Each structure stands twice: as C-alpha cells, then as structure tokens.
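Asks: predicted model follows, preceded by the sequence.
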Amino acid sequence: MYHSLEGKIALVTGSSRGIGRAIAEGLAANGAAVVVNYVGNENAAQEAVAAIRENGGKAVAIRADISSVSDIRRLFDETEKQMGAIDIVVANVGVAVIKPLVEATEADFDHVFGANAKGTFFTLQEAARRVRNGGRIIAVSTGGTKMFFTQTALYLGSKGAVEQFVRVLSRELGPRGVTVNALSPGFTDTDLLPERDRAVAAGMSPFGRIGAPRDVADVAVFLASDEARWLTGENIQAGGGVA
C-alpha cells in the first residue's frame, strides 16, 4: 500500500468499467472515498460501487455526460455535496472511432473530440477550480500517441490534446502544490481493444501479454499518493514496455 489516501475524496470519470473502474477500486482500497461516474450503464456503475463497499471502501455513483459542460459542473457539485471537498480527480473518459482519416465524418469528429478533448478540458478546468491545495489531477491518455497507427487519427488526435492540457495546467497549478499528470496505458484488456489485435499487441510487450486494468490502476494510485508529490507535467507510460 502506498501512503494512505484515508480521508481523501476522489472523483473518477468513466469509472463504471475497464481501467476507470480499476482506478476507482484501487483508490478506494487505499482509503479514498470515491465517486464512480457513468453516463449510460447504471448497473455497471452500481456493481462497481458494491464491489468497493464489499471490500470496506466508500463509494457512490453519479451519472453525468462528460461531453456536456453543464453535466461536468453538476458532477462536481454533486460530488462536493455528497462527499465533501475534492482531493483527487482522474479524467478517464475515452471513446474511439476507428476508420481511415479520409472516411471520418463531422459527426465522428464531434463524438470523439467532444468526449476526449472537450470533455477532458472542462473536467480539468473544474478540477483546477475545486481540488484542494496539494491535490492530484490525472488525465488518462494513451501510449498510442507516440506510435504510428492507421485509422486512429480521431482517437490519437483527441488524446494528444489531453497531453498538452496537462503540460499547461501543471504549470498553472504548481504554486498550489497540485500535481497534474497524464497516464498513458498501452494495450489493455478492455472493450476498446479489438479481439483481432490482442495477439499482436501481446507480442509487442517484453512481458508477452497485454495489460490488465489493474496494471494501469496501480500506477494511477501511485500518482494520487504522497509519494508522487515531485512528479508533475509528466506523461507516465503504463504500457508494459511497448515502444
């Protein structure tokens, strides 16, 4: 266990399943009270909350669409109302449209950038306004931004924007002792990784496997801990050595 997060309040967007859920569970296991955010799958969110509570943690589920600025602000309002002042924010929401750049539509662009870029930007904005001094802000990007993949222009472009938001905000919040970092998973066992790509992805890691959500979540827990107090403005790769 890292430095205890006991007494800390954490908000994790997009945390009803996958990496987000693993991060929420990891923060709760280290003592934080956690808000599990979801947009459509209430059952999955309540299952995540139940799992945290069964292990002795504290959690609630709050619905909000991160592509909506008013919903983001309401999410933060409700978090403060139900839990108290916020110490940790993990901006985890991510959607993807996989197709060649020349085939992407305006609707595709608006969908992906609306959630990944716009949604993360305004989540970071609210986090900057509300996180207590000495707090932690983590934005989930992707290891894909340092690679060359076809059919991923929308996804990687939107995540590249997130990485720049982090660099700028880390400078703006440094005087308050708030760290701001990007966390970039590699190939991970979630529904964003197509079945057809899994064998190839596993072969790209020195470990010979794809990542588990907990592999990434443990890095997020570290970034939320006191041990990470001297890290800010960084893009932490959590990809099992894939380069």
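Replies: Great, that's in hand.
Asks: tell me the centre residue of this protein?
Replies: Centre of the chain computed as the mean C-alpha position; nearest residue by C-alpha atoms, centre = their mean is residue 92, 2.2 Å away.
Asks: that residue touches residue 13, doesn't it?
Replies: Yes: counting by C-beta atoms under 8 Å, residue 92 sits close enough to residue 13 to count as a contact (5.2 Å). In short, each C-beta sits where N, CA and C put it, glycine included.
Asks: what touches both of those two?
Replies: Common contacts of residue 92 and residue 13 (C-beta atoms under 8 Å, 6 or more residues apart in numbering): residue 20.
Asks: flag every buried residue along the helix or strand of the chain with the lowest mean pLDDT.
Replies: Least confident element among the helices and strands of the chain, by mean pLDDT, DSSP states H and E: helix 198-203 (a mean of 90). Of the residues in helix 198-203, those buried by neighbour count under the rule 16 or more other C-beta atoms under 10 Å are 201, 202.
Asks: coming back round to it: what backbone torsions are found at the residue nearest to the centre of the chain?
Replies: Backbone torsions for residue 92, taken as degrees, to the nearest 10, come to phi -110, psi -10.
Asks: list the contacts for it?
Replies: Contacts for residue 92 were tallied using C-beta under 8 Å, 6+ apart; they are 12, 13, 14, 15, 19, 20, 23, 140.
Asks: gap between stretch 48-66 and the chain center?
Replies: Average the C-alpha atoms of stretch 48-66, do the same for its chain, and the two points are 15 Å apart (C-alpha atoms, centre = their mean, to the nearest Å).
Asks: now do that stretch: everything it contacts.
Replies: Around stretch 48-66, the neighbours that count as contacts under C-beta under 8 Å, 6+ apart are 13-17, 21, 24-25, 28-29, 32-39, 42, 45-46, 71-72, 74-75, 78-79, 82-83, 93, 115, 119-120, 123.
Asks: mean confidence for that stretch?
Replies: Along stretch 48-66, the predicted local confidence has a mean pLDDT of 98.
Asks: what comes into contact with the next helix or strand after the least confident helix or strand of the chain?
Replies: Following the chain from helix 198-203 toward its C-terminal end, the next helix or strand by DSSP states H and E is helix 213-224. When contacts are taken as C-beta under 8 Å, 6+ apart, the neighbours of helix 213-224 outside the stretch itself are 2, 5, 8, 10, 18-19, 21-23, 25-27, 29-30, 32, 88, 90, 136, 138, 140, 179, 181, 183, 185, 188-190, 228, 231, 236, 238, 240.
Asks: now with 6 Å, please.
Replies: Contacts of helix 213-224 from elsewhere in the structure, counted by C-beta atoms under 6 Å, 6 or more residues apart in numbering, are 2, 18-19, 22-23, 26, 30, 88, 136, 138, 181, 183, 185, 228, 238.
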